[in-house]
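**Q** one predicted model, sequence on top.
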Amino acid sequence: MKNNASPLPDDSLSMSPSIKELQNYVKVFQEKKQKPDFADVEAQLHNMVMNIEKEALESCLSEYDVDVPAISVDGEIYNKVVRCETDYQSSAGILRVTRSLYRLKGGLPTICPLEMKAGVVEGRWTPRAARQGIWAVAHMTPQESEDLFKEIGNMEPSKSSLDRLPKKIGALWEASFIEHQAMIRFDEEIPAEAVTVAICLDGVMVPMSKVDSVTDEVSEAQYKEASCGTISLTYKGVVDMPKNVVVLPANKGI
């Protein structure tokens, strides 16, 4: 099949406003006899480079969009209902992209081909941004994670967004809990050097808040028992780090 796409000119990137801004900043900086505080220079350059990355990501993400009157998904016809701009949280910051939404005739659901093809998480997070956000709140509180991202200066998700992300991912995990656990067990490998395996089961009391499905009011937290499981391997007298740690409500078992 003949490729009708024209190659980009060699100087195409130099036309980017963000790149021009960076080039001008460096040129002016080099011409100054009295140099500014380097901490400010470092921060300014980082922000400018992030703007370049965001421009590139916006351009690439828009390539996943589908703009046609109708599409077929699993034999069902979805008609285009709207085409507009929206924001996505990337690892470099907020991206503003135009995308199309499609809906089954007669009602829901509404789907976005761009999000499906690009792997957007929960309608907002790009895959890398979601991975970074999940990692952060797994090690710190949402507030500490927000502060850390602001200090780093790449993406700057809010505390509330970081608080919602693991809850939404967790709900998806729980919906197919048995299948996901089977996948984890399938990927686990016991090295040939391992000589013993130790399995530790224990219980822990965790605070559980109940949210009213109608009013969204949160009732006072009550402590309930959960089960914890740890699997450790021993390599010829040396105990390895735990291979798998699971925390579940006690009624689900291990």
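**A** Structure received.
**Q** poorly predicted segments of the stretch 51-200 of the chain, please.
**A** By pLDDT under 70, the stretch 51-200 of the chain has no low-scoring segment.
**Q** can you give me the helices in it?
**A** For the stretch 51-200 of the chain, the helices defined by DSSP state H, counting those that start in this stretch occupy 113-118, 127-139, 142-152, 159-175, 177-187.
**Q** ok now the last one, how far from the chain's centre?
**A** Remark: helix 177-187 is offset 21 Å from the chain centroid, using CA atoms, centre = their mean, to the nearest Å.
**Q** okay, the angle between it and helix 159-175?
**A** 80 degrees (axes from the mean of the first three to the mean of the last three CA atoms, to 10 degrees).
**Q** just the buried residues of helix 177-187, please?
**A** Buried residues in helix 177-187, counting neighbours by 16 or more other CB atoms under 10 Å, are absent. Every residue, glycine included, has its C-beta placed from N, CA and C.
**Q** the longest one now?
**A** Neighbour counts over helix 159-175 (16+ other CB under 10 Å) mark 161-166, 169 as buried.
**Q** for those, which one is nearest residue 89?
**A** residue 161 (7.3 Å; CB to CB).
**Q** how about the closest one: what's its closest non-neighbour residue?
**A** With CB to CB, 6 or more residues apart in numbering as the criterion, residue 161 has its nearest non-adjacent residue at 7.3 Å, and that residue is residue 89.
**Q** that neighbour touches residue 157, doesn't it?
**A** Yes. If you go by CB atoms under 8 Å, residue 89 and residue 157 touch, sitting 5.8 Å apart.
**Q** and for those two, which residues touch both?
**A** Each of 129, 133 lies in contact with both residue 89 and residue 157 under the rule CB atoms under 8 Å, 6 or more residues apart in numbering.
**Q** in CSV: the buried residues of helix 159-175, plus distance to residue 66.
**A** Shown next, in CSV, are the buried residues of helix 159-175 (distance: CB to CB, whole Å):
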residue, distance to residue 66
161, 27
162, 30
163, 32
164, 28
165, 26
166, 30
169, 26
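**Q** which of those sits closest to residue 226?
**A** In terms of CB to CB, no member of these lies closer to residue 226 than residue 166, at 16.3 Å.
**Q** not counting its neighbours along the chain, what's nearest the closest one?
**A** Closest to residue 166 by CB to CB, 6+ apart is residue 137, at 5.4 Å.
**Q** so what's that neighbour up against?
**A** Contacts of residue 137 by CB under 8 Å, 6+ apart are 145, 162-163, 165-166.
**Q** redo that, cut-off 6 Å
**A** Taking CB atoms under 6 Å, 6 or more residues apart in numbering, we find residue 137 in contact with 145, 162, 166.
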